[in-house]
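Participant: Show me the folded form of this:
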Amino acid sequence: MIRILQLEDDPDILEICEMALGMEEDLVLLQCTSGDEAIAKAQEFKPDLLLLDVMLPNMSGTVALEHLRKLSGLETVPAVFFTARLQNGEVSALLARGASKVISKPFDPLSLGQEIIEVVNRR
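Facilitator: Here you go, the predicted structure:
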């Protein structure tokens, strides 16, 4: 089983991800709508992958990742970022901040599960 902690504030994206990742038998998804919630639940959930929205109110996905990396056992968990704003240099900046992969929104829900499995298997 691959345990995925998702941090996303858009209810439509949450629903699409739940349906898309639910099609893969080996994936378990925990969805959080704020950075504080993700940080509070992450250590007990023990994710194999972090799926983080970049732009969130109160705490961005990159700041949440910094906090998550400080938790025992999460220092090297692969992080995949979702972003709707792929501007020049943003992918490089996200990769430099610890992302294993960057997925642009809108994304292909049918391939999301396999993309995540590939990232975890590369680890």
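Participant: From now on I want contacts and neighbour counts done on CA atoms only, so please keep to that.
Facilitator: Will do.
Participant: and Glu44, how many neighbours does it have?
Facilitator: Using other Cα atoms under 10 Å, Glu44 has 8 other residues around it.
Participant: Now it: which helix or strand?
Facilitator: Per DSSP states H and E: Glu44 is located in helix 35-45.
Participant: Nearest the middle, which residue of the chain would you pick?
Facilitator: In the chain, the residue lying closest to the centroid (Cα atoms, centre = their mean) is Leu51, at 0.7 Å.
Participant: Three-state assignment for Glu24, please.
Facilitator: Three-state assignment for Glu24 (DSSP: H, G, I helix; E, B strand; the rest coil): coil.
Participant: I'd like the distance between the nearest residue to it once chain neighbours are set aside and Arg97.
Facilitator: Spatial nearest neighbour of Glu24, chain neighbours left out: Gly113 (6.4 Å); criterion: Cα to Cα, 6 or more residues apart in numbering. Relative to Arg97, Gly113 is positioned 23 Å away (criterion: Cα to Cα, to the nearest Å).
Participant: what packs against the helix-or-strand element of the chain with minimal mean pLDDT?
Facilitator: Within the chain, confidence by mean pLDDT, DSSP states H and E is lowest for helix 90-96 among all helices and strands, at a mean of 84. Other helices and strands packing on helix 90-96, by 3 or more Cα pairs under 8 Å, 6 or more residues apart in numbering; DSSP states H and E, are strand 99-104.
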